[in-house]
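**Q** structure here, sequence nowhere to be found:
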């Protein structure tokens, strides 16, 4: 390393560190912008959500030959009129219910009085507070607890001046000081009255304006986003916009339908239970349930409390509570996951976490918009490589690939679960697919970790032994799926004998065992010959049978080196036999890989078990012309046994 490299080394490392932290820094900047620009972004996000909900209706009207402006006006008027009418009816009925609550104060007082609770401790203090609140509502003052007795210090009282005692006895009730507020003007009173209403009304107006503009200029907004992304990312950005629009629109539509049906069923149940204002509570629960978590609790708690106040007995509120619990369990655990659980693509834990984050950033509007906004983040993480961690953290596609899951269970020394993964994979795949797609990749990962020193001897031995046991269990397995052309059995007269030889270690031997098993199931006579048994005598016996194919099994890493050395050794003794090298999991064209071995290379190279089976079948025609009366495989096996192997 020269002086310049030594000087620039730390700078390059610092640059790599900054680049690796770029997604985290970007996320921090985004959170700061979301927090400090919330007054502008909240109306925009609400309008965008309404646009996703109303845009499909506008497009359907346009397909019916209605121009965009009339279609937009019709949809917006219907939507906001419906929202306004429902809001006015709900508010009016809530005021009527609140004004009628004092009529039920006796029921509340009797229920609370019938509850015998301890008068001390945290529970007793809490229930005494509830009783005090109910008595305040009914107009009856709550009895105050007696103050604890105070012991007077006789020595101090004896020294008290007589003049002070006479003054205290002369004026037992001192005058009270009353603060009189100065009169306020009508303008100031109107400002105090309208101040809490002006901001929500202004935000509502901005939402309406944004929504109308987005519905009219949706192509203009889309084109601007595409221009910002650049022509090089046109395809990716188009897919991202379509994915986000489809997911959010489907979720919002299904959410509205589910909550409306939920409220209708709940209202009907309350009507059958003779709860007053059943329609109000059904509509209110359907509306509030669109707010995640908090809306469900408030919407279900109000009718329960109302039933508690209205009915003199305990059974009506208990039945209302049971009705709410049954409906909530059925909808949350069965109906919602079945209808639109897959449309959002958000995991359950991420949904709770993001709801808390958006609530901290934007308050109640953030809680309402948490799901659509999180869907946008997931889509961003799916299509923007720098933000891919968002899709991993928030998305519901967190399952490991079968080969990774199989290898992870073997690393955890959980043989039962690993075999269960293989059995589950076989439910929709063939045996060769299991070996090619799960077992071979897991063996390749194990070999790489073992050569890097990441895999200790105990786990390595357990892993290879478990894989060998799994292959032994599947010896007589026959897939119920239809066979491909390569899976069709061949007759004994046409099937060429195959000798499978591992190139180096135990992983190569396990891969050779899988190939021998699959070839046996397809009519080939096979023999697994360990590398230590490859003596000159055995090679001489094989040379007498030119129809026998030699298959060398090699698993990375270092697969090419071991396979080439063994191939050269085999070629020296068997110049007329067909040699097949299986470089399991190698990338590249088979013919290009074969040319890398040079003049003394194999006749063919395969990278998967399916390719190796096809290569073995290619010698069937030549094998059918050979004479089988000498039974070559038996003589080779006898020679191996006579050698003591």
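**A** Structure's in. What do you need? Since the structure is predicted, the reported quantities are computational estimates derived from the model, not experimental observations.

**Q** any low-confidence regions in the chain?
**A** 1-23, 112, 114-181, 186, 189, 193, 340-345, 397-398, 481-495, 618-645 (pLDDT under 70).

**Q** relative to residue 382, how far out is the residue positioned nearest the centre of it?
**A** Central residue check for the chain by Cα atoms, centre = their mean: the C-alpha nearest the mean position is that of residue 396, 1.8 Å away. Taking Cβ to Cβ, to the nearest Å as the measure, residue 396 falls 12 Å from residue 382. No exception for glycine: its C-beta is placed from N, CA and C like everyone else's.

**Q** and what of residue 266?
**A** According to Cβ to Cβ, residue 266 and residue 382 sit 37 Å apart.

**Q** could you do residue 563 as well?
**A** On the measure of Cβ to Cβ, residue 563 and residue 382 end up 40 Å apart.

**Q** the two: who's more crowded?
**A** Neighbours per residue (other Cβ atoms under 10 Å) separate residue 563 from residue 382, with residue 563 holding more: 26 against 21.

**Q** is it true that the more buried one touches residue 502?
**A** No: contact status for residue 563 versus residue 502: not in contact, 10.2 Å apart, counting by Cβ atoms under 8 Å.

**Q** grab the nearest non-local neighbour of residue 111.
**A** The shortest distance from residue 111 to any residue other than its chain neighbours is 6.9 Å, reached at residue 308 (Cβ to Cβ, 6 or more residues apart in numbering).

**Q** so how many other residues sit close to that neighbour?
**A** When counting by other Cβ under 10 Å, one arrives at 19 neighbours for residue 308.

**Q** could you do residue 278 as well?
**A** Per other Cβ under 10 Å, the neighbour tally for residue 278 reads 18.

**Q** in the longest helix anywhere in the chain, what's buried?
**A** Ranked by number of residues, the top helix in the chain under DSSP state H is helix 234-272. Taking 16 or more other Cβ atoms under 10 Å as the basis for neighbour counts, the residues of helix 234-272 that come out buried are 237, 240-241, 243-245, 247-255, 258-260, 262-263, 265-267, 269-270.

**Q** before we move on, what about stretch 449-466?
**A** By 16+ other Cβ under 10 Å, the buried positions in stretch 449-466 come out as 449, 450, 455, 459, 460, 462, 463, 464, 466.

**Q** if we can go back for a sec, need the overlap of contacts for residue 563 and residue 502.
**A** Residues within reach of residue 563 and of residue 502 at once, by Cβ atoms under 8 Å, 6 or more residues apart in numbering, are 552, 554.

**Q** surely residue 604 touches residue 580?
**A** Yes: Residue 604 is in contact with residue 580 according to Cβ under 8 Å; the separation is 5.1 Å.

**Q** overlap in contacts of these two?
**A** Residues touching both residue 604 and residue 580 (Cβ under 8 Å, 6+ apart) are residue 615.

**Q** first-to-last residue distance for stretch 432-447?
**A** Distance across stretch 432-447, first residue to last, is 21 Å (Cα to Cα, to the nearest Å).

**Q** what residues are shared contacts of residue 396 and residue 382?
**A** When contacts are counted by Cβ under 8 Å, 6+ apart, residue 396 and residue 382 are jointly contacted by no residue.

**Q** those helices in the stretch 251-400 of the chain, which residues are they?
**A** Secondary structure of the stretch 251-400 of the chain (DSSP state H, counting those that start in this stretch): helices at 278-288, 294-310, 315-330, 336-344, 348-362, 364-368, 370-383, 388-394.

**Q** distance between the next helix or strand after the last one and the chain's centre?
**A** Once helix 388-394 ends, the next helix or strand along the chain (criterion: DSSP states H and E) is helix 402-411. Here helix 402-411 is found 20 Å from its chain centre; the criterion is Cα atoms, centre = their mean, to the nearest Å.

**Q** which strands or helices does helix 402-411 pack on?
**A** For helix 402-411, the packing partners by 3 or more Cβ pairs under 8 Å, 6 or more residues apart in numbering; DSSP states H and E come out as helix 415-426, helix 440-452, helix 457-473.

**Q** list the buried ones in that helix?
**A** Neighbour-count burial for helix 402-411 flags 402, 403, 405, 406, 407, 408, 409, 410, 411 (criterion: 16+ other Cβ under 10 Å).

**Q** contacting residues for the residue nearest to the second one when sequence neighbours are not counted?
**A** It refers to residue 403. Distance criterion Cβ to Cβ, 6+ apart; nearest residue to residue 403, sequence neighbours excluded, is residue 441 at 3.9 Å. With contacts defined as Cβ under 8 Å, 6+ apart, the neighbours of residue 441 are 403, 407, 585.

**Q** roughly how far does the residue lying closest to the second one once chain neighbours are set aside sit from residue 361?
**A** Meaning residue 407. Residue nearest to residue 407 in three dimensions, not counting chain neighbours: residue 442, with 3.9 Å by Cβ to Cβ, 6+ apart. Separation of residue 442 from residue 361 (Cβ to Cβ) stands at 43 Å.

**Q** also residue 384?
**A** When distances are taken as Cβ to Cβ, residue 384 and residue 361 turn out to be 21 Å apart.

**Q** and the nearest residue to residue 548 once chain neighbours are set aside, how far from residue 546?
**A** Sequence neighbours aside, residue 497 is the residue nearest to residue 548 in space, at 4.6 Å (criterion: Cβ to Cβ, 6+ apart). When Cβ to Cβ is the yardstick, residue 497 and residue 546 sit 11 Å from each other.

**Q** hang on, the earlier thing: dump the helices and strands packed on helix 402-411 to JSON lines, plus distance to residue 368.
**A** Listed next are the helices and strands packed on helix 402-411 as JSON lines, based on distance: least, Cβ to Cβ, whole Å:
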{"stretch": "helix 415-426", "distance to residue 368": "40"}
{"stretch": "helix 440-452", "distance to residue 368": "45"}
{"stretch": "helix 457-473", "distance to residue 368": "50"}
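
**Q** out of those, the one nearest residue 597 is which?
**A** Put simply, out of these the one that sits nearest residue 597 is helix 440-452, at 20.5 Å, with distance taken as Cβ to Cβ.
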